[in-house]
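>>> Sequence and predicted structure below; questions after.
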Amino acid sequence: MTATAPDTANLPAGTGREFIAEVTASEPEMGDCTLLTLALPAGVAPRLRPGEFVNVLCRDSASFDPLLRRPYSAFAVNPDPVAGTMTLLIRPFGRGSQWLATRQPGERIDIMGPLGNHFEVAERSERLLMVAGGVGVAPLAHLTQEALRIGKSVTFLMGAATADTLLAAQRLPSEVEYVVATDDGSRGHRGFVTDLVPDYLQWADQVFACGPDPMLRSLSNVIKRDRVGRRPTVHVSVERTMACGVGACLGCVLETRHGMQTSCVTGPVFPVEEIRW
Amino acid sequence: MTATAPDTANLPAGTGREFIAEVTASEPEMGDCTLLTLALPAGVAPRLRPGEFVNVLCRDSASFDPLLRRPYSAFAVNPDPVAGTMTLLIRPFGRGSQWLATRQPGERIDIMGPLGNHFEVAERSERLLMVAGGVGVAPLAHLTQEALRIGKSVTFLMGAATADTLLAAQRLPSEVEYVVATDDGSRGHRGFVTDLVPDYLQWADQVFACGPDPMLRSLSNVIKRDRVGRRPTVHVSVERTMACGVGACLGCVLETRHGMQTSCVTGPVFPVEEIRW
Amino acid sequence: MADLSVDLAPGNPRELVLSNPVIAASGCFGYGQEYQGTIDIHRLGAFVSKGITPEPRSGNPMPRITETTGGMLNAIGLQNPGIRKFIRSYPPIWERWPTPAIVNISGETVAEFAEMARLLDDVPGVAGLEVNISCPNINAGGFCFGWDADMSREVTAAVRAATTLPIIVKLSPGALDVAQIALAVEEGGADAVSLINTLVGMKIDTRRRKPVLANGTGGLSGPAIRPVAVRMTWQVARVVGIPVVGLGGIMSLDDGLEFFMAGASAIQVGTGFFAQPGRMVAIADELDAWLDAQGCSSLGEIVGAALPDGLPPRRQRIDPDDLKLMSGDYAEARTTTT
Amino acid sequence: MADLSVDLAPGNPRELVLSNPVIAASGCFGYGQEYQGTIDIHRLGAFVSKGITPEPRSGNPMPRITETTGGMLNAIGLQNPGIRKFIRSYPPIWERWPTPAIVNISGETVAEFAEMARLLDDVPGVAGLEVNISCPNINAGGFCFGWDADMSREVTAAVRAATTLPIIVKLSPGALDVAQIALAVEEGGADAVSLINTLVGMKIDTRRRKPVLANGTGGLSGPAIRPVAVRMTWQVARVVGIPVVGLGGIMSLDDGLEFFMAGASAIQVGTGFFAQPGRMVAIADELDAWLDAQGCSSLGEIVGAALPDGLPPRRQRIDPDDLKLMSGDYAEARTTTT
Ligand SMILES: Cc1cc2nc3c(=O)[nH]c(=O)nc-3n(C[C@H](O)[C@H](O)[C@H](O)COP(=O)(O)OP(=O)(O)OC[C@H]3O[C@@H](n4cnc5c(N)ncnc54)[C@H](O)[C@@H]3O)c2cc1C
Ligand SMILES: Cc1cc2nc3c(=O)[nH]c(=O)nc-3n(C[C@H](O)[C@H](O)[C@H](O)COP(=O)(O)OP(=O)(O)OC[C@H]3O[C@@H](n4cnc5c(N)ncnc54)[C@H](O)[C@@H]3O)c2cc1C
Ligand SMILES: Cc1cc2nc3c(=O)[nH]c(=O)nc-3n(C[C@H](O)[C@H](O)[C@H](O)COP(=O)(O)O)c2cc1C
Ligand SMILES: Cc1cc2nc3c(=O)[nH]c(=O)nc-3n(C[C@H](O)[C@H](O)[C@H](O)COP(=O)(O)O)c2cc1C
Ligand code: FES
Ligand code: FES
């Protein structure tokens, strides 16, 4: 009987970091991806800071397929203390993401979060550069939303395989300068998004990046090569396979200057120079 | 990639005993049960004889929950050689039956069958007595359909817990005498369906029964006690957990006068006196 | 069209050549007839019969099977007609088939294994033997043959001495060090090893407060055990000079590729047949297509691909007489050392 | 309100009394802090810390975890700060908690185990030890302590001689006969045994043609292994006179009931926390309600319900001095026999 207990079993919504969220909207984006909006229990949305992630149970509780949760960054947040929502950008890879991407409004999902550290925008930083690769665009879209709210100016660089897997421009506030690169040159610069970075290193006070490891590595090389001194500071959000999401299993570690550190608690955001690739 | 291959992978519909069937209709019956109608590949429906069963994969092929197939008897068959269909009566127990009971028209299901032996109506039998317990009604409803077609007369005894879990009378042809028993007496005889059997032993040329083991055991006792000589002959369809459904695993055996016999190939129908309860 | 053929007894003049490396596992494919009409069994490289014992066995009481997460438990109890009736019933049918039939034998003493091997030695229709050493040795207090290197070598040598048929010894996952057992049976004269047999498990019906299976414990099979099976295949393939047949939870081509890359020259499918027989016989075709896509002209190119140092050198073909001779030595060796 | 309390060290004057029998398993619950804010950890009967070693360890390279059907593989490599830093960091926090904290220790020699036990003996905040004998003994060619009865007894005796803390010895599923190992550690002075640790498995990334885990092999946990864990719990609970703690794939109350009925006095939950922490801490409440519904006034009424002959008689409480004494004997006995 417990095997078929609802996900809600013993989860006083809102208290603690495990809660049930109801799907309120679903729409396609970036080709095969899905934007899934979830109603959050009172008090959760305001706490959710850019770069933090949630660990999602991508199955009903009676099944074990897949067994473990899947981490997702918030793409956008409505911080209303009562009617707050969170929007996830989901690219279908395997079992978990396919399950999550196909949830319909009204369905309820078991979520843990907010988890991990977040992107820190320094008081005196005025100009922020975002460098996004693929679904790595998610936490940076959220950060952009926040940065504009507190009056910063943002340049948003995005790279993708083809034009139709780029984030649609209208998904970003109009004040944002949006520059893109595609592998096939079907839109914007033909090549890597990191090729665009040098032009903005003078301009930017801070750089924030998220994407596949190869992209982050090439970014770190660009920085080593072209950055003058220690400015701009560069923070990257890394992606590692996770189990617990709270620092309990040590399965998601990253080798840094300070030794092995968990990407779920000490990360996922790290100063680029601290990571041992 | 193979992990997400469609169920249809390499199944030339209609050839062999594993095929894909599309759901054409679903309606509730007998309280929490579902009547699910499936379009069968050309040639299958006419081969399906009363008492035979199909072994149904109750999941999509990329999941292993549940791992094994679930056996179901046909409740009704439209033997059209081209547009033939089969209707299953599904009571929700656990994972498999719940999955199957919630399939919608248009969905495709991986089925093995027809499997097992069947109910034999003897040439010279005129009067047939059906004794059904719960979902055991399924193969007997199919048998009744066939028996009437070849001009036999049928008395149908059914037992259930309560009135609302009895098969609705209109599900049976009007020529059938339908007599019911309920545990709580909410309709018909209060008590076991087997209590009704003695009154019909004189009348019947053959008795066919299907239901839970306790019911079949009590039937066999009634027969031992009240049957005069070897008539009527009594055949019962038993239910055993199955894996392969084709006699390959020896997991579904039954102890009979002739030793251990598979209920999936030698059965599920056995002469009542041959079973060692 | 890559070359999918494999010889599972390269060291044996009688050979055991399969047209493709997908084999139906023992106890999951009956005696080869049962799935006819459901699938074309000749799309398989070979099949292994249900385990045979010297005398007829009626097996365990019911229930004999139950499901677990990603797997199933079985306690069939080796129900079978006994070696003599078996020989009269099935090999005559197999004789007319293109697909090699391998006979799985289970004994409770070394002598029983040897006796069955002797009876099967020149039976037309029998292409090879699979020796199931996951059985208790009643002369060793029910201690499982496959858990002890000496006992495993002894059984193999005794079977080797009784027949020139290709011998596949099926290893037990219960052993402390399966690689050590594999080396022992290689010494004993095995032409190949297969692994793994089921893990011993139990499920309790919490309503009835007793085990679901009448036998109490049962053998765990299915995808749940695949990681254990791949690991053991990898450990064994690194050290033996004879072909390794990998099995345990294979439900798709990708699952099978794990075993090939771990060093298996062929794979067996058991529980998978219960769920999706159509997909199981299609694995060989999918493998063919996959190899083409990878630009491989033969299966051999990926066998052991995941082994740090690749496969060890293959054992050379042995002279017919030496076969029995070598095993003879081991048989002696054992009798002196026990 | 049934009585859910249990003493896991009935033979030990220092006792190990839990308010309920649901324990967080080692390596899945960090050092007790990590899940705070997610769940109320004090709804647990106790928790076991991540495995500690004498010296700090940075663990294995990444990837360290991957999923399998119904389970997961991990190869963390015992990343931990080392016993000394550990003692400074965590027990002072636990000291203020109502929930008993059990420290899991992993050594590569008998001396290392004894040394850690000595250092922990009177550390406030440490309620007991869990001795992880699923580690290679570097003085025995990397042969796992938990695979050999003598080595298992020796380690237990050495730990027993070094501390009067309640000792739970955590058994390895790799042993040939886990019941024999359990009896050996009972002789060695263990207050309780816990089982099972992970099975060794491997998953191969067929695209990269190498193992998914950087370490190659990893430990298999989760529902996939539950049938093996229940079987071993059942085998051990039938023979030992000390409490048995069952674990392996528990994801719900019903899963836990299988272990209780197989003879476990308490259960541990590991992988389950990764998936559904809220449900794991609710198991004790569900158990309470279930026992009421069954008309049981205490958990003890169902412990061993599925054992043919029930639980063997409990070992009597031992005099403090005898504790070290008895173990002393075994320590000697061993040194003479090795
Ligand atoms: C902190 C963090 C934040 C994340 N945020 C997002 C997000 O906002 N949107 C989003 O779509 N994803 C995000 N991810 C990645 C997401 O968690 C994975 O894509 C997801 O776990 C895949 O699960 P699955 O069950 O679908 O795939 P699995 O079944 O686990 O894997 C299926 C196949 O896909 C491959 N695969 C799985 N994950 C990845 C990956 N990340 N990259 C490349 N191949 C992969 C596997 O190797 C396997 O071959 C994030 C990951 C982390 C750690
Ligand atoms: C030849 C044959 C014909 C059948 N025909 C029909 C049919 O026409 N309609 C129909 O609804 N069912 C029929 N069944 C039974 C059906 O196969 C089972 O109900 C089904 O397998 C349950 O699977 P599950 O995954 O839902 O339950 P599981 O997840 O396997 O079990 C869930 C729970 O239900 C219990 N359970 C499972 N099956 C039964 C059962 N049969 N009786 C009582 N408790 C059970 C289990 O013990 C478990 O506790 C037939 C069975 C056989 C052997
Ligand atoms: C129902 C059943 C019966 C089996 N009978 C035998 C047998 O008689 N002899 C044998 O060596 N293995 C037997 N096995 C083990 C299988 O051959 C195989 O080793 C095991 O199931 C793992 O493979 P799988 O996961 O593909 O099923 C049996 C397995 C099952 C499920
Ligand atoms: C990520 C991870 C780390 C583990 N670390 C340890 C450890 O340090 N010491 C130990 O004795 N067991 C360790 N284990 C084993 C668990 O404590 C437990 O025995 C095993 O996972 C089976 O239980 P489960 O299926 O509930 O997870 C670990 C398990 C996992 C999944
Ligand atoms: S996911 Fe467990 S420690 Fe990070
Ligand atoms: S279900 Fe396999 S023999 Fe009947």
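The structure has been received and is ready for your questions. Ligands and ions are numbered 1, 2, ... in the order given.

>>> Most proximal residue of chain A with respect to ligand 1?
Nearest residue of chain A to ligand 1 (C-beta to the nearest ligand atom) works out as A:Gly94 at 2.3 Å. Using the backbone N, CA and C atoms, a C-beta is placed for each residue, glycine as well.

>>> Excluding sequence neighbours, find me the nearest residue to that residue.
Spatially, and ignoring its direct neighbours in sequence, A:Gly94 is nearest to A:Pro66 (7.7 Å; C-beta to C-beta, 6 or more residues apart in numbering or on different chains).

>>> and the one you found, which of the three is it?
Reduced to three states with DSSP: H, G, I helix; E, B strand; the rest coil, the structure at A:Pro66 is coil.

>>> related to what we said a few turns ago, how close does the residue of chain A closest to ligand 1 sit to C:Val212?
Separation of A:Gly94 from C:Val212 (C-beta to C-beta, to the nearest Å): 32 Å.

>>> Kindly state the beta-bridge partners for C:Ile167.
Under DSSP bridges, the beta-bridge partners of C:Ile167 are C:Leu129.

>>> what's the pLDDT at the residue of chain A closest to ligand 1?
Here, the pLDDT recorded for A:Gly94 equals 93.

>>> got it, and the one 3 residues further on?
Here, the pLDDT recorded for A:Ser97 equals 96.

>>> What separation do you get for it and D:Arg208?
20 Å.

>>> got it, and A:Ala76?
Taking C-beta to C-beta, one finds A:Ala76 at 35 Å from D:Arg208.

>>> The two: who's more crowded?
Taking other C-beta atoms under 10 Å in any protein chain shown, A:Ala76 and D:Arg208 do not tie; A:Ala76 has more neighbours (17 against 11).

>>> Confirm that one sits in a helix?
No: using three-state DSSP, the assignment for A:Ala76 is strand, not a helix.

>>> from memory it sits against A:Pro139, does it?
No: using C-beta atoms under 8 Å as the test, A:Ala76 is too far from A:Pro139 to be in contact (10.4 Å).

>>> Now for the closest residue to chain A within the stretch 1-150 of chain C: which residues touch it?
Closest approach between the stretch 1-150 of chain C and chain A, counting by C-beta to the nearest C-beta: C:Thr69, at 5.7 Å. Contacts for C:Thr69 (C-beta atoms under 8 Å, 6 or more residues apart in numbering or on different chains) come out as A:64, B:65, C:224, D:70, D:222-224, D:226, D:249.

>>> run the last query once more with 10 Å
Contacts for C:Thr69 (C-beta atoms under 10 Å, 6 or more residues apart in numbering or on different chains) come out as A:63-65, A:67, B:64-67, C:222-224, D:69-71, D:222-227, D:249, D:251, D:255.

>>> now C:Val269
By C-beta under 10 Å, 6+ apart, the contact set of C:Val269 is C:22-25, C:28-29, C:44, C:47, C:247-252, C:255-256, C:276-277, C:279-281, C:283.

>>> Which members of those residues occur in helices, if any?
C:255-256, C:277, C:279-281, C:283 (DSSP state H).

>>> what about C:Val131, helix or strand, and which?
Element membership for C:Val131, per DSSP states H and E: strand C:128-132.
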